[in-house]
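Q: next come a sequence and a model predicted from it.
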Amino acid sequence: MKINIPNLLTWLRILLIPVFVTVFYLSDLTLAPHLKNLIATGVFLLASVTDWLDGYLARKLNQTSAFGAFLDPVADKLMVAAALILLVKLGRADAIIAFIIIGREITISALREWMAKIGASKSVAVSMLGKIKTTFQMLAITMLLYDEKLYGVDCQVAGSLLLYMAALLTLWSMGYYLMLAKRQLEKI
């Protein structure tokens, strides 16, 4: 494994997951609910920024690696899954929506791994649709974690709406990636 700034940022994102989860398991006497929301939102935002930054730096500094290409999406999926599970537990997100999003991530990750093994990974490379889906997901989760009004916007309502839109984009992008892999899937 190459130790470089992009890989370190990816590892940081993974290490932030237990910090993120622990915040919500502290008692309200230890940390007021408002502060739990604020800290968890900050940690999630930091993780989201490092997701963008590690990819940018890997390309800019020419520090891409096979390990980084593997670990980066794993870190993203783990953080999103942890956040969605917590939001369901807190009653801020529907379990079916969390299932759709997490299920899609597992399905497409498995598809990409299989396509890579047969030498066809380029046909299911990340698309603009996938990037738009991720943006909606990150905004929705951030707002649902914050769970308060921000500049007159009810983050719970706006976050829920964005999460439903993210779920629709999730299904659409999954269909898109499956269509890209259709020729290979028909050979099975």
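A: Done, it's in. Please read all numbers here as calculations on a predicted model, not as lab measurements.

Q: give me the buried positions along the longest helix along the chain.
A: Using DSSP state H, we find that the single longest helix of the chain is helix 33-60. Neighbour counts over helix 33-60 (16 or more other CB atoms under 10 Å) mark 36-41, 43-44, 47-48, 50-51, 53-55, 57-58 as buried. Using the backbone N, CA and C atoms, a C-beta is placed for each residue, glycine as well.

Q: mind listing what's buried along whichever helix or strand comes after it?
A: Counting by DSSP states H and E, the next helix or strand C-terminal to helix 33-60 is helix 66-89. If you call a residue buried by 16+ other CB under 10 Å, then helix 66-89 has these buried ones: 68, 71-73, 75-84, 86-88.

Q: gap between the lowest-mean-pLDDT helix or strand in the chain and the chain center?
A: Here the helix or strand of the chain ranked lowest by mean pLDDT, DSSP states H and E is helix 182-186, holding a mean of 79. When distances are taken as CA atoms, centre = their mean, to the nearest Å, helix 182-186 is centred 27 Å away from the chain's centroid.

Q: same check on stretch 116-128?
A: Distance, centroid of stretch 116-128 to centroid of chain: 19 Å (CA atoms, centre = their mean).

Q: how about it: buried residues?
A: Result for stretch 116-128 [16+ other CB under 10 Å]: buried residues residue 124.

Q: repeat for stretch 97-114
A: 97, 98, 100, 101, 102, 104, 105, 108, 111, 112, 114.

Q: contacting residues for the residue nearest the centre of the chain?
A: Among the residues of the chain, the one closest to the centroid is residue 80, at 3.8 Å (CA atoms, centre = their mean). Residues in contact with residue 80, defined by CB atoms under 8 Å, 6 or more residues apart in numbering, are 101, 102, 105, 137, 141.

Q: and residue 134, what does it touch?
A: Taking CB under 8 Å, 6+ apart as the test, what residue 134 contacts is residue 76.

Q: what residues does the least confident helix or strand of the chain touch?
A: Outside helix 182-186, the residues that reach it (CB under 8 Å, 6+ apart) are 115, 118, 120, 123, 178.

Q: swap the cut-off to 7 Å and go again
A: Residues outside helix 182-186 that contact it (CB atoms under 7 Å, 6 or more residues apart in numbering): 115, 118, 120.

Q: just give me the neighbour total for the closest residue in space to the second one that isn't next to it in sequence.
A: In space, residue 118 comes closest to residue 184 once its chain neighbours are excluded; the distance is 6.4 Å by CB to CB, 6 or more residues apart in numbering. Burial of residue 184 is recorded as 16 neighbouring residues (other CB atoms under 10 Å).
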